[in-house]
Structures are given as C-alpha cells and as structure tokens.
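Trainee: the sequence isn't on hand, but the structure is:
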C-alpha cells in the first residue's frame, strides 16, 4: 500500500512539473505568435516566410495546449483517487470511534 501511495505522490509531482512546463510553453508561443507579424514589417521578411513562421508557432501552441488538456484529464483522475482515499480513511476511523456512555 505504501509503495502505491509513493508512486502516486511521484506521479502527482511529475504532473505538476509538466503542467508548469506546458503553461510556460503556451505563454511563450502566444507571445511569439503576437510578435511574428512585426517581422514582416520591420524585419523585412517576405509575407510567405512570416506566414510559414506563424504556422509553425501555431502548431507548437496547439500541441502544448493539447498536452495541457490531457494533463487536466489526468488531474481529474487524481481528484477521483484523492476523494476515494479520503472516504476510505473516514470509513476506517469511523469504525474505531466508540461512542462514550
């Protein structure tokens, strides 16, 4: 049982780290996408080059958002496990509560 709990704790920590990583990537790609059109005007990039760059950034943004969504789905499972664990703990402690006379 303790091994399972330890594995779950490691998984939760790993999920949190991955969420932070994906949140950072989403912010980064959104900033890049906002700045990309300026390169066509100020950087002298041809329109096709700028559109290609924007397309690549959008693909990366979409992938990061997709991973973040999948992580959220895994967190739903985490909440389910945590709720079940709390209910089990209450059930066990309720068994040992003896009413005082």
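Mentor: Thanks, I have the structure now. Being a predicted model, the structure only gives us computed values, none of them experimental. Numbering: from 1, shown residues only.
Trainee: please give the element, helix or strand, for residue 11.
Mentor: helix 2-41 (DSSP states H and E).
Trainee: separation between the most centrally placed residue in the chain and residue 74?
Mentor: For the chain, residue 19 is the residue whose C-alpha lies nearest the centre (C-alpha atoms, centre = their mean; 3.1 Å). Per C-beta to C-beta, to the nearest Å, residue 19 is found 10 Å from residue 74. For the C-beta atoms, the positions are set from N, CA and C on the backbone; glycine is no exception.
Trainee: and the helix or strand of the chain with the lowest mean pLDDT with helix 2-41, angle?
Mentor: Lowest mean confidence among the helices and strands of the chain (mean pLDDT, DSSP states H and E): helix 47-96, at a mean of 87. Helix 47-96 and helix 2-41 are oriented at 160 degrees to each other (axes from the mean of the first three to the mean of the last three C-alpha atoms, to 10 degrees).
Trainee: now do helix 47-96: which elements does it pack against?
Mentor: helix 2-41 (3 or more C-beta pairs under 8 Å, 6 or more residues apart in numbering; DSSP states H and E).
Trainee: centre of the chain versus the helix it packs on, how much separation?
Mentor: Using C-alpha atoms, centre = their mean, to the nearest Å, the mean C-alpha position of helix 2-41 is found 6 Å from that of the whole chain.
Trainee: buried set for it?
Mentor: Neighbour-count burial for helix 2-41 flags 15, 19, 22, 25, 26, 29, 32, 33, 36, 40 (criterion: 16 or more other C-beta atoms under 10 Å).
Trainee: what is the rounded mean pLDDT of that helix?
Mentor: Helix 2-41 shows a mean pLDDT of 90.
Trainee: if I look at residue 88, how far off is residue 5?
Mentor: 12 Å.
Trainee: residue 57 now?
Mentor: For residue 57, the distance to residue 5 - C-beta to C-beta - is 41 Å.
Trainee: got it, and residue 81?
Mentor: Look at residue 81 and residue 5: by C-beta to C-beta, they are 10 Å apart.
Trainee: what touches both of those two?
Mentor: Overlap of the contact sets of residue 81 and residue 5 (by C-beta atoms under 8 Å, 6 or more residues apart in numbering) is empty.
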